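> Quick one: sequence plus predicted model below, questions after.
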Amino acid sequence: MKAVTKTGHTGSKTIQTGKGLGRVFTMRNVSLAALVIYFSVFMIYPIFKAFAGSMHDWNPLIGTYKWVGFDNFRLVLSDGLFWKSIGNTAVFCLVSVVFRIVLGLGLALLLSSKLVKAKDTLRGLFYMPTITPMVAVAFVWVWMFDPQFGMIDRVLGLDINWLKDPNWALPAVIIMTIWKDFGYAVVLYLGALMSLPRSVYEAAAIDGANAWQTFWKITLPLLKPMTLFIVITSLISYLQAYVQIMIMTGGGPGTQTYTISYLIFDEAFQKYKFGTASAMSVLLFLMTGILTILMFKASGDMNMEES
Amino acid sequence: MRARKMWSWILTGMLFILALITIIPFVWMFISSFAPNSEIVKVSGGIFPKPTTLSNYRGIQEKFDFLRLFLNSLFVSSFKTVVIIYTSAALGYVFSKMRFRGRNLIFGIVLSTMMVPWAVTIIPQYEMMTKFGWLDTYKALLAPGLVNAFGVFLFRQSIGGIPDEIVEAAKLDGAGDAVIFHRIILPMSRNSISALAIFTFLWNWEDYLWPFLMITDEKKQLLSVGLKMFSGRYGTDYGGLFAATSIAIIPVLVVYVVFQKQFIAGVASGSGK
């Protein structure tokens, strides 16, 4: 089957370009060759280099690059801060993803209701935090959380030194992240809701299903591919989040808000320990891969009949 | 009918209240950017400082060459956005409408790079740029990241939705792939172009670590790194910081407003399947 269509394709090509050279430099060949070369240089090679680097004592400042086997991994895995960062990352990811899904789906359902007016404006307002640069809004939130002048304590009448309090620093960063990101899920769910088939809803209405049943039995299952997409892309991006931590807490107070990506940033570009940083990044890579595969597996098992 | 109208008002009103709560940090930042520092750090008084002055905006240009950083960022982000849209569309076309051996394998590899954390590739890329001698040049900022797996994925999905007959008909008329791509596929991909424009412009505009590592010359630096430097050096100048951030978010908002009409449809076609 493949071979047939392939010859069919090159056949039409011959008619059109004629010359031998034109057959080699087709759009397909040129773009694929460019892609392979480009990816090899900027993606594949760096990945291999990271794996190799994780086996070396590697410091670019003094120019060391010495084979040490699995020593870096042993060092990292026995480091308390590494495990603490993993724990923080797990909390950070879980809470942020759950809120992103719940808020995103809830608001998207409300916004898709026929009763709501001025949808474009509302959507734009909800999406505004998502399309503003993280560095910029992180600074604003440092100020929002300020115990003396900040808006949050004043409006809510609280007395919490959010970013300096060991118990509240991580929640503060998570609150800011949820605020920044829920718009992404709103927009994606709105897009998915728009493309749901009308006929299913009409059939449900004829069968006398109420709004609650329609939501649980029809809308939610039909949205499953989108939910999976949002959960996976969110997980991948939250595992890599560091900018808000760098700006809002610098990992502190103490090491209370270290996440795995902030730890790698710190290890690599503030301490210049490239070897151990590479070992950590390899571990992060493995975790991301395993989590992604697990998500696909879990959703596939639950969801055979729909897809 | 009347009850329906009332519900419509209540629901819309409720959502507007939620939306206003969402954007309060922006409102607050914007108002504060017109207030003197003494007003911002006042413990007593209202929640919003009184906007009375333009000196914060004048200050950022004098203290650090804000306009320059702004234009640098604008150039780098625009350049990369345009190139990424073009490469994504071309590869999306190749992967969705052309058949060849290893198509799914290559596409699978491209797609799987989406889950490679920046932390994995950034150290080797940093070293690579050092070896190339590209540190402190825009080559280092522009060369990596001109192909985007997410973009290729988005376009493969949307171009896959264009009927094969259209491509076949054009071929019968003697059009080559490049012609079909530029004359037919690209104009039909307006939704995906809009969605990707919004995403890539933002990603590049807010990118912090790469320019931070690559550029040391302050004149060449990008705005996101500049904001951090600004806050460190003038630690107490919140008015200036708010003025700078207020301007820093304008370009992304403009890009969103320009492309938003097609944006939702683009997102729906790209990731719904």
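On my side now, so go ahead. Residues are numbered from 1 along each chain as shown, chains lettered A, B, ... in the order given.
> ok so residue A:57 is a strand residue?
Yes - judged by DSSP: H, G, I helix; E, B strand; the rest coil, residue A:57 forms part of a strand.
> count of residues packed around the residue nearest to it when sequence neighbours are not counted?
With sequence-adjacent residues excluded and distances taken as C-beta to C-beta, 6 or more residues apart in numbering or on different chains, residue A:57 is closest to residue A:66, at 4.5 Å. To be clear about C-beta, it is placed using only N, CA and C from the backbone, and glycine gets the same treatment. Neighbours of residue A:66 under the rule other C-beta atoms under 10 Å in any protein chain shown: 10.
> Quick check on residue A:66: phi, psi?
phi -120, psi 130 (degrees, to the nearest 10).
> mind listing what it touches?
A:56, A:57, A:58 (C-beta atoms under 8 Å, 6 or more residues apart in numbering or on different chains).
> Closest one to residue A:239 out of the residues you listed, please.
Nearest to residue A:239 out of these is residue A:58 (C-beta to C-beta; 22.9 Å).
> so what's the closest one bridging to?
residue A:65 (DSSP bridges).
> what about it, neighbour count?
Quick note: residue A:58 (other C-beta under 10 Å) scores 25 neighbours.
> Now do the contacts for it.
Applying C-beta under 8 Å, 6+ apart, the residues near residue A:58 are A:64, A:65, A:66, A:273, A:274, A:275, A:278.
> That one and residue A:271: what is the separation?
According to C-beta to C-beta, to the nearest Å, residue A:58 and residue A:271 sit 12 Å apart.
> can you give me the helices in the stretch 51-200 of chain A?
Applying DSSP state H, counting those that start in this stretch to the stretch 51-200 of chain A gives helices spanning A:71-77, A:80-111, A:119-127, A:134-144, A:151-156, A:169-194, A:198-206.
> Show the contacting residues for residue 240.
As the question left the chain open, I've gone with chain A. So residue A:240 contacts A:261, B:117, B:118, B:119 (C-beta under 8 Å, 6+ apart).
> my question was about chain B
Applying C-beta under 8 Å, 6+ apart, the residues contacting residue B:240 are B:56, B:59, B:60, B:63, B:230, B:234.
> The first one: how many residues sit nearby?
Other residues near residue B:56 come to 24 when the count uses other C-beta under 10 Å.
> C-terminal to the helix or strand hosting it, what's the next element?
Using DSSP states H and E, residue B:56 maps to helix B:55-63. Using DSSP H and E, the helix or strand that follows helix B:55-63 in sequence is helix B:66-97.
> Extract the CA atoms of the particular helix or strand that has residue B:104 in it and return them as PDB.
Here residue B:104 sits within helix B:103-112, counting by DSSP H and E. The C-alpha trace of helix B:103-112 is given here as PDB (Å, rounded to 0.1, in the frame of the first residue of the first chain):
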ATOM      1  CA  ARG B 103       7.100   9.100   7.900                       C
ATOM      2  CA  ASN B 104       5.500   8.000  11.200                       C
ATOM      3  CA  LEU B 105       8.900   7.200  12.700                       C
ATOM      4  CA  ILE B 106      10.300  10.600  12.000                       C
ATOM      5  CA  PHE B 107       7.100  12.400  13.000                       C
ATOM      6  CA  GLY B 108       7.100  10.300  16.200                       C
ATOM      7  CA  ILE B 109      10.600  11.300  17.100                       C
ATOM      8  CA  VAL B 110       9.800  15.000  16.400                       C
ATOM      9  CA  LEU B 111       6.700  14.700  18.600                       C
ATOM     10  CA  SER B 112       8.500  13.000  21.400                       C
END
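> what about it, distance to the chain center?
25 Å (C-alpha atoms, centre = their mean, to the nearest Å).
> Same check on stretch A:148-167?
28 Å.
> What of stretch A:269-284?
The mean C-alpha position of stretch A:269-284 is separated from the chain mean by 20 Å, C-alpha atoms, centre = their mean.
> and that stretch, is it in reach of chain B?
Yes - on the criterion C-beta under 8 Å from any C-beta of the partner chain, stretch A:269-284 is in touch with chain B at A:269, A:274, A:277, A:278, A:280, A:281, A:282, A:284.
> Now do the same for the closest residue to residue A:86 other than its chain neighbours: its pLDDT.
Leaving out its chain neighbours, the residue that sits closest to residue A:86 by C-beta to C-beta, 6+ apart is residue A:260, at 5.9 Å. Listed pLDDT for residue A:260 reads 95.
> Enumerate every residue touching residue A:260.
Per C-beta under 8 Å, 6+ apart, neighbours of residue A:260: A:82, A:85, A:86, A:89, A:239, A:280, A:284.
> check contacts around the closest residue to residue B:36 other than its chain neighbours.
Distances taken as C-beta to C-beta, 6+ apart put residue B:53 closest to residue B:36, at 5.4 Å, once the chain neighbours are dropped. Listed by C-beta under 8 Å, 6+ apart, the contact partners of residue B:53 are B:34, B:35, B:36.
> pLDDT score for the last one?
Among the per-residue scores, residue B:36 shows a pLDDT of 87.
> For burial, what's the neighbour tally of it?
Neighbour tally, residue B:36, other C-beta under 10 Å: 16.
> distance of it from residue B:60?
14 Å.
> and if you look at the second one?
Taken as C-beta to C-beta, the spacing of residue B:35 relative to residue B:60 amounts to 15 Å.
> center of chain B, which residue is that?
For chain B, the residue lying nearest the average C-alpha position, counting by C-alpha atoms, centre = their mean, turns out to be residue B:202 (1.4 Å).
> Which residue ranges of the stretch 101-250 of chain B form helices?
Under DSSP H, counting those that start in this stretch, the stretch 101-250 of chain B gives helices at B:103-112, B:118-132, B:138-142, B:149-160, B:164-172, B:177-180, B:186-188, B:190-206, B:209-214, B:223-233, B:238-248, B:250-271.
> Put together TSV for these, with mean pLDDT on each row.
TSV is the format used below for these (pLDDT from 0 to 100):
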stretch	mean pLDDT
helix B:103-112	92
helix B:118-132	93
helix B:138-142	94
helix B:149-160	91
helix B:164-172	92
helix B:177-180	92
helix B:186-188	93
helix B:190-206	93
helix B:209-214	94
helix B:223-233	80
helix B:238-248	89
helix B:250-271	82
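> Make CSV out of those and add distance to residue A:290.
Shown next, in CSV, are the helices of the stretch 101-250 of chain B (distance: least, C-beta to C-beta, whole Å):
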stretch, distance to residue A:290
helix B:103-112, 13
helix B:118-132, 15
helix B:138-142, 33
helix B:149-160, 19
helix B:164-172, 38
helix B:177-180, 39
helix B:186-188, 38
helix B:190-206, 25
helix B:209-214, 25
helix B:223-233, 32
helix B:238-248, 37
helix B:250-271, 23
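> Among those, single out whichever gets nearest to residue A:100.
Per C-beta to C-beta, nearest to residue A:100 of these: helix B:250-271, 14.7 Å.
> Show me what that closest one packs onto, helices and strands only.
helix A:119-127, helix A:169-194, helix B:66-97, helix B:149-160, helix B:190-206 (3 or more C-beta pairs under 8 Å, 6 or more residues apart in numbering or on different chains; DSSP states H and E).
> so which of these gets nearest residue B:222?
helix B:66-97 (4.6 Å).
> Briefly note if the closest one comes near chain A.
Yes - remark: helix B:66-97 sits within contact range of chain A at B:87, B:90, B:91, B:93, B:94, by C-beta under 8 Å from any C-beta.
> Can you point out the buried residues in that helix?
B:66, B:68-70, B:72-73, B:76-78, B:80-81, B:83-85, B:87-97 (16 or more other C-beta atoms under 10 Å in any protein chain shown).
> before we move on, back to that, which single one of the contacts of residue B:53 is nearest to residue A:152?
residue B:35 (18.6 Å).
> picking up where we left off before, including distance to residue B:11, could the contacts of residue B:240 go into TSV?
Converted to TSV, the contacts of residue B:240 look like this (distance: C-beta to C-beta, whole Å):
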residue	distance to residue B:11
B:56	39
B:59	44
B:60	42
B:63	47
B:230	42
B:234	45
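> Kind regards, and thank you for your time.
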